[in-house]
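1. how would this look folded up:
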Amino acid sequence: MREYGRVTEDAAEKIKGVCSYVRTGESISPDYARDEMPVYGTRLPEMVVLPGSTEEAAAVMKICHEYRIPVTPRGAGTGLVGGAVPIYGGIVMDLCRMNHIRSYDMENLTVEIEAGVILNDLAQDCLSRGLLYPPDPGEKYATVGGNVATNAGGMRAVKYGTTRDYVRAMTVVLPTGEVTRFGASVSKTSSGYSLLNLMIGSEGTLGIITELVLKVIPSPRCASSLIIPFRDLHTALKAVPMFKMNRMDPQAIEFMEREIVLCSERYIGRSIFPQNWNGEEIGAYLLVTLDGNSREEVDELEEQAAEIALKEGAMDVLIADTPSRMRDAWAARSSFLDAIMAETELLDECDVVVPVNKIAEYLDFVNEAGRECRLTIRSFGHAGDGNLHIYQCSNDLDEKTFNERVEKFFALIYPKAFEMGGQVSGEHGIGLGKKSYLKQSAGERNVALMQGIKQVFDPEMILNPGKICFP
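-> As a prediction, the model looks like this:
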């Protein structure tokens, strides 16, 4: 195991001299020891630094490089794969103070922000100016820098793409403390290797993203959501390709089974989705959002979508065409993870992605594997792009037994996803928890290439060590 430096008294004094917001000892919150999935371990850092600028972050990083102190970058700590766990101690660099939306370029449709800006704050600020920042991950109180570091996708990815598609440029603090800029405020480039795209999704292992230039678009003038109930999940998912084939171009297509909807409604304290239709129990739902530039355009899309859904076996089509109805429908969807956590003592998750036409077959396999491993499984996800959120839950197992069963479950479902042409993660990343499955999927040669890239950026291996592709 690599030997790292400690935060000695000398190093601590130097760091305090360049960063005024520092926490040590009992002032370090236990939250800094973990992310939202503590099953991947907890460890308190020796020090937490909260830089207020790129210059402060760079000065701290330069000292850490000198003393070979490991540094774990952190946004809001909402990750689900242990990516922000400081497994070697050292320093956590919390970017939450760097939370300013600096400026908009309305002619080139870009916005410049600091990496600690909360996604919800950016989304609302854009809307107030008639703009849309399309990436829409489920955790609205994550930082945008964290979204970029994991290439978070979200519910609008089916129409608008993932976070990667909206990053034009970034300022990065390298592990040496040097500051560089990747990308530019232009819409296209063919200018050497794309270091910008290499940094996106690198989970804080290659550099610390401190500032961003993001693409925005004019906000659609009208939108509505359709709640479409089906007898079973197979029928619901069979309908999904038909929306695309009929040129519907939905903003979002989410699928969910009955049990997760009931769990969410218990959590939020009200009923949004119908439970029965003509005396028959509803088994699954699609939640579809359509947008356009006029009420007439969206009305026409609603009619087309309803015709397609009913032809494909929908039991009914309910239209949420007012802001309050849309908020209610999406509040229930956005509460899925919180609802599961509220009812579950032990929890783990995966966010595999498979081809859209394989979702139903894959979930059948997943549910059977859950029964074989004697785990409660809760699934939902993005039907439009094949990204599935699969949660393993237990309220009656000890932690050791639970972890053993989850490991057995993963040993079944990940190879099946790869066999179907899928990948380990659609948006949560690899972090600490999914490293072995990345190696299975990518192969030893590709993992060796990733390790070589890490070596070039960070030869001392001090930046978020032990994550993604390193043991």
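
2. Where does the prediction get shaky in the stretch 51-200 of the chain?
-> The model of the stretch 51-200 of the chain has no residue with pLDDT under 70.

3. can you give me the strands in it?
-> 71-74, 91-94, 101-105, 110-114, 131-132, 167-173, 179-183 (DSSP state E, counting those that start in this stretch).

4. now the stretch 351-471 of the chain
-> 376-382, 387-394.

5. And those: which comes nearest residue 463?
-> Across those, residue 463 has its closest neighbour in strand 387-394 (27.4 Å, CB to CB). Backbone N, C-alpha and C define where each C-beta goes, glycine included.

6. Tell me which residues are up against the closest one.
-> Outside strand 387-394, the residues that touch it by CB atoms under 8 Å, 6 or more residues apart in numbering are 153, 157, 336-337, 340, 343-354, 359, 362-363, 366, 370, 375-382, 402, 405-406, 409, 413, 426-427.

7. Among those residues, name the buried ones.
-> Burial by neighbour count, judged by 16 or more other CB atoms under 10 Å, picks out 153, 157, 336-337, 340, 344, 346-354, 359, 362-363, 366, 370, 375-382, 402, 405-406, 409, 413, 426-427 from the contacts of strand 387-394.

8. Restricted to helices, list those residues.
-> Among the buried ones among the contacts of strand 387-394, DSSP state H puts 157, 336-337, 340, 359, 362-363, 366, 370, 402, 405-406, 409, 413 in helices.

9. which of the residues you listed lies closest to residue 91?
-> Using CB to CB, residue 337 is the member of these that lies nearest residue 91, at 28.8 Å.

10. The closest one: what's it in contact with?
-> Going by CB under 8 Å, 6+ apart, the list of residues near residue 337 reads 138-139, 389, 391.

11. among these, which two are most distant?
-> Longest span within those, CB to CB: 139 and 391, 14.6 Å.

12. So residue 365 versus residue 413, what's the distance?
-> Separation of residue 365 from residue 413 (CB to CB, to the nearest Å): 7 Å.

13. what about residue 445, distance to residue 415?
-> 19 Å.

14. Of those two, which one has the most company?
-> residue 415 (13 against 7; other CB atoms under 10 Å).

15. Identify the residues contacting that one.
-> residue 440.

16. wait, which of the contacts of residue 337 is closest to residue 469?
-> residue 389 (23.3 Å).

17. what's the neighbour count on the closest one?
-> Around residue 389 there are 23 residues (other CB under 10 Å).

18. same thing with residue 67?
-> For residue 67, using other CB under 10 Å, the count is 19.

19. Please apply the same query to residue 48.
-> Around residue 48 there are 22 residues (other CB under 10 Å).

20. who does the helix or strand where it lies pair up with?
-> Element membership of residue 48 [criterion: DSSP states H and E] is strand 47-49. The strands beside strand 47-49 in its sheet (DSSP bridges) come out as strand 22-24 (antiparallel), strand 91-94 (parallel).

21. hmm, back to that, among the strands of the stretch 51-200 of the chain, which is the most enclosed?
-> Highest mean neighbour count among the strands of the stretch 51-200 of the chain (mean count of other CB atoms under 10 Å): strand 71-74, with a mean of 28.

22. who does it touch, helix- and strand-wise?
-> With contacts defined as 3 or more CB pairs under 8 Å, 6 or more residues apart in numbering; DSSP states H and E, the packing partners of strand 71-74 are helix 54-67, strand 91-94, strand 208-215.

23. make it 7 Å
-> strand 91-94 (3 or more CB pairs under 7 Å, 6 or more residues apart in numbering; DSSP states H and E).

24. Just the CA atoms of the strand it packs on, as CSV, please.
-> Output of strand 91-94 as CSV, limited to C-alpha atoms (Å, rounded to 0.1, in the frame of the first residue of the first chain):
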residue,chain,number,x,y,z
ILE,A,91,-7.6,16.4,3.6
VAL,A,92,-11.1,16.8,2.3
MET,A,93,-11.3,19.8,0.0
ASP,A,94,-15.0,21.0,0.2
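
25. mind checking how far it is from the chain centre?
-> A distance of 20 Å separates the centroid of the chain from that of strand 91-94, by CA atoms, centre = their mean, to the nearest Å.

26. same check, this time on stretch 141-157
-> 5 Å.

27. could the strands paired with strand 47-49 be laid out in TSV, adding distance to residue 44?
-> Formatted as TSV, the strands paired with strand 47-49 follow (distance: least, CB to CB, whole Å):
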stretch	distance to residue 44
strand 22-24	11
strand 91-94	9
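
28. for those strands, which one sits closest to residue 183?
-> Closest to residue 183 of the strands paired with strand 47-49, according to CB to CB: strand 91-94, at 21.9 Å.

29. Contacts for the closest one next, please.
-> By CB atoms under 7 Å, 6 or more residues apart in numbering, the residues outside strand 91-94 that reach it are 7, 32, 45-51, 57, 60, 64, 69, 71-74, 86, 208.

30. Quick check on those: which are buried?
-> 7, 32, 45-51, 57, 60, 64, 69, 71-74, 86, 208.

31. secondary structure class for residue 32?
-> helix (DSSP: H, G, I helix; E, B strand; the rest coil).
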